[in-house]
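Fold the following, please.
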Amino acid sequence: MRVFVKICGLTRPEEVAWAAEAGADGVGLVFHPASRRAVTVERARRLAAEAPPGVIRVGVVAGPSLEELLTLVDGVPLDAVQWHGPYREAVMEELRRLRPRVKMVVAAALSGGKDGYRDALRLAGLADYLLLDTLVGRGGTGVPWDWDLATGLALPLPVIVAGGLTPENVGTALERVRPAGVDVSSGVESAGVKERGKMHRFVQAVRQWEQRFRGGVRDGSVPVAR
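Numbering: from 1, shown residues only. Predicted structure coming up:
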């Protein structure tokens with residue numbers, strides 16, 4: 001299996017190049033204005049242009065209107081949209097109808113317990129992936145959630161794990177949750193700025209885990225029911 005790796009919160013063209021160079025499968029551009037990593041449409045367009053073919057461009061949004069969303073999807077352009085609350089089902093349905101090529105990721109919180117993901121699950125029919133994060137405020141806290149909370153959950157969608165991942169702990173998260181993908185932002189930063197070397201170490205840690213998985217090494221693994 002190959003784990004999808006997304007490096008999120010990129011704000012400089014060289015960061016996109018570093019992510020691709022490290023072997024990331026996707027890059028995340030944040031459009032929520034409250035985030036210190038937020039970018040404008042114009043900057044996002046320049047960043048997206050740095051992503052080589054095959055690297056997925058993901059826009060991170062929180063409750064945009066349909067008009068705002070289409071401006072991002074078409075103007076940047078984006079390959080996927082990652083939704084954080086408030087969710088707007090009608091807007092999501094319209095995006096699905098108007099731009100069926102765009103993948104949909106719905107973010108949910110398990111940091112408050114196993115009930116934290118239920119709001120997102122009702123949108124499962126509209127989404128392609130479920131992103132499990134540590135959501136305190138708008139997220140991006142750099143604090144991991146209790147990965148054991150995912151044990152035994154009947155999750156209807158492929159899962160992406162986010163929240164507090166680092167090159168040092170991503171292998172443990174993979175063992176505990178066995179997700180389809182991982183998402184990192186602050187874990188590859190130093191003093192709030194993306195660091196090339198950490199990006200490489202993070203992706204390398206994921207690929208090393210994949211090699212162990214292929215070899216049947218599953219120390220401490222707790223498979224998730226799907």
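
buried ones in the lengthiest helix in the chain?
Longest helix of the chain, by residue count under DSSP state H: helix 196-214. Residues 198-203, 205-206, 209, 213 are the ones in helix 196-214 that count as buried (16 or more other C-beta atoms under 10 Å). For every residue, glycine as well, the C-beta is placed using N, CA and C.

can you give me the strands in this protein?
4-7, 26-30, 56-62, 80-84, 103-109, 129-133, 159-161, 181-184, 189-190, 193-194 (DSSP state E).

Who are the packing partners of the third one?
Taking 3 or more C-beta pairs under 8 Å, 6 or more residues apart in numbering; DSSP states H and E as contact, the helices and strands that strand 56-62 lies on are strand 26-30, helix 66-75, strand 80-84.

Pairing partners for that strand, with directions?
Sheet pairing for strand 56-62, assigned by DSSP bridges, gives strand 26-30 (parallel), strand 80-84 (parallel).

and what of the fifth one?
According to DSSP bridges, the neighbouring strands of strand 103-109, each with its direction, are strand 80-84 (parallel), strand 129-133 (parallel).

Nearest residue to the middle of the protein?
residue 183 (4.1 Å; C-alpha atoms, centre = their mean).

For that one, give its distance to residue 133.
To residue 133, residue 183 is 8 Å away according to C-beta to C-beta, to the nearest Å.

Give the residues shared as contacts by these two.
Both residue 183 and residue 133 are in contact with residue 162, where contact means C-beta atoms under 8 Å, 6 or more residues apart in numbering.

hang on, the earlier thing: which one of the strands paired with strand 56-62 is the most hemmed in?
strand 26-30 (a mean of 26; mean count of other C-beta atoms under 10 Å).

which residues touch that one?
4-10, 16, 19-20, 37-39, 44, 47-48, 51, 55-60, 76, 78-80, 82, 183, 185.

Going by distance to residue 168, which of the buried residues of helix 196-214 wins?
residue 205 (7.7 Å; C-beta to C-beta).

Now do the contacts for that closest one.
167-168, 170-171.

State the distance from it to residue 131.
From residue 205 to residue 131 the distance is 19 Å (C-beta to C-beta).

what does residue 202 give?
Counting by C-beta to C-beta - residue 202 and residue 131 are separated by 17 Å.

Then residue 153?
14 Å.

between those two, which one's more packed in?
Neighbour totals were compared for residue 153 and residue 131, and residue 131 leads with 28 against 18 (other C-beta atoms under 10 Å).

Is the more buried one in contact with residue 103, as I believe?
No - at 11.7 Å, residue 131 and residue 103 do not qualify as touching, with contact defined as C-beta atoms under 8 Å.

Quick check: end-to-end length of stretch 104-123?
Distance across stretch 104-123, first residue to last, is 10 Å (C-alpha to C-alpha, to the nearest Å).
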